[in-house]
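**Q** need a 3D model of the sequence below.
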Amino acid sequence: MLRQFILCFCAAFTLALPVSAQTSPESGSAQEGALLTVTRATGDTVSLDRETLDSLPQETFRTSTTWTEGIIEFSGPALKDVLEFAGVEEDRSIAARAINDYQVVFAPHHIEDRVPIIATKLDGAPFSRRDRGPLWIVFPYDSSDSYRTEEVISLSIWQLVDLTVRP
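**A** Residues are numbered from 1 along each chain as shown. Below is the predicted model of the structure:
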């Protein structure tokens with residue numbers, strides 16, 4: 001039992017380490033240091049590290065959430081921009097998976113031009129797994145009733161590790 005705990009702890013610690021490898025959509029394979037892996041309809045994968053995610057156009061908004069206290073500033077690339085960078089065709093359903101294997105499916109109508117975002121920063125700083133990071137799909141919940149529905153709340157997946165195009 002102790003051995004299993006140690007192995008799990010070590011695996012969790014390793015996932016929280018900073019990354020430095022930059023990838024491109026042409027790489028076609030998962031790379032060490034990736035925060036996010038995108039699997040295209042062809043089965044090819046694109047791995048994105050923090051530097052790559054931060055190089056994409058950034059969206060920023062302030063909002064409250066049901067999981068945190070107060071108003072937080074979230075920033076990161078729009079989900080649509082990440083998918084475009086990875087070579088995913090528009091109007092595809094996308095499965096998103098968290099580190100604990102929690103999965104949600106984004107229908108094309110859930111993916112707007114600037115919303116949701118894959119938050120890489122809270123209040124201007126990267127955040128750890130302990131704080132629901134390092135990647136969290138979020139919506140500007142306070143800006144519209146349409147972002148406070150049960151459906152949208154369920155899509156707000158934290159500790160995001162991969163996106164997969166659905167058939």
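**Q** C-alpha only now, for contacts and for neighbours.
**A** Fine.
**Q** surely residue 54 is in contact with residue 76?
**A** Yes. Here residue 54 reaches residue 76: they are 7.0 Å apart, a contact under Cα atoms under 8 Å.
**Q** which of the two has more neighbours?
**A** residue 76 (28 against 15; other Cα atoms under 10 Å).
**Q** endpoints of stretch 38-58, how far apart?
**A** For stretch 38-58, the first-to-last residue distance is 19 Å (Cα to Cα, to the nearest Å).
**Q** and what of stretch 87-102?
**A** 24 Å.
**Q** next, the buried residues of that stretch.
**A** Across stretch 87-102, burial judged by 16 or more other Cα atoms under 10 Å covers 87-88, 92-99.
**Q** quick one, strands of this structure?
**A** Secondary structure of the chain by DSSP state E: the strands cover 36-39, 45-48, 58-63, 72-77, 94-98, 103-106, 117-119, 121-122, 136-138, 160-165.
**Q** can you redo the ones you listed as TSV with distance to residue 145 and mean pLDDT?
**A** Formatted as TSV, the entries for the strands of the chain read as follows, by distance: least, Cα to Cα, whole Å; pLDDT from 0 to 100:
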stretch	distance to residue 145	mean pLDDT
strand 36-39	29	98
strand 45-48	32	97
strand 58-63	13	98
strand 72-77	18	98
strand 94-98	23	98
strand 103-106	19	97
strand 117-119	17	98
strand 121-122	22	96
strand 136-138	15	98
strand 160-165	24	98
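**Q** of those, flag the one that's most buried.
**A** strand 117-119 (a mean of 28; mean count of other Cα atoms under 10 Å).
**Q** from residue 110, how far out is residue 79?
**A** Using Cα to Cα, one obtains 10 Å as the distance from residue 79 to residue 110.
**Q** the more surrounded of the two?
**A** Between residue 79 and residue 110, counted using other Cα under 10 Å, residue 79 has the larger neighbour count: 22 against 18.
**Q** what sits against the closest residue to that one other than its chain neighbours?
**A** Take residue 79 and drop its neighbours on the chain: the residue closest to it by Cα to Cα, 6 or more residues apart in numbering is residue 117, 5.1 Å away. By Cα atoms under 8 Å, 6 or more residues apart in numbering, the residues touching residue 117 are 59, 75-79, 136-139.
**Q** rerun at 10 Å
**A** By Cα atoms under 10 Å, 6 or more residues apart in numbering, the contact set of residue 117 is 58-61, 74-82, 111, 135-140, 156.
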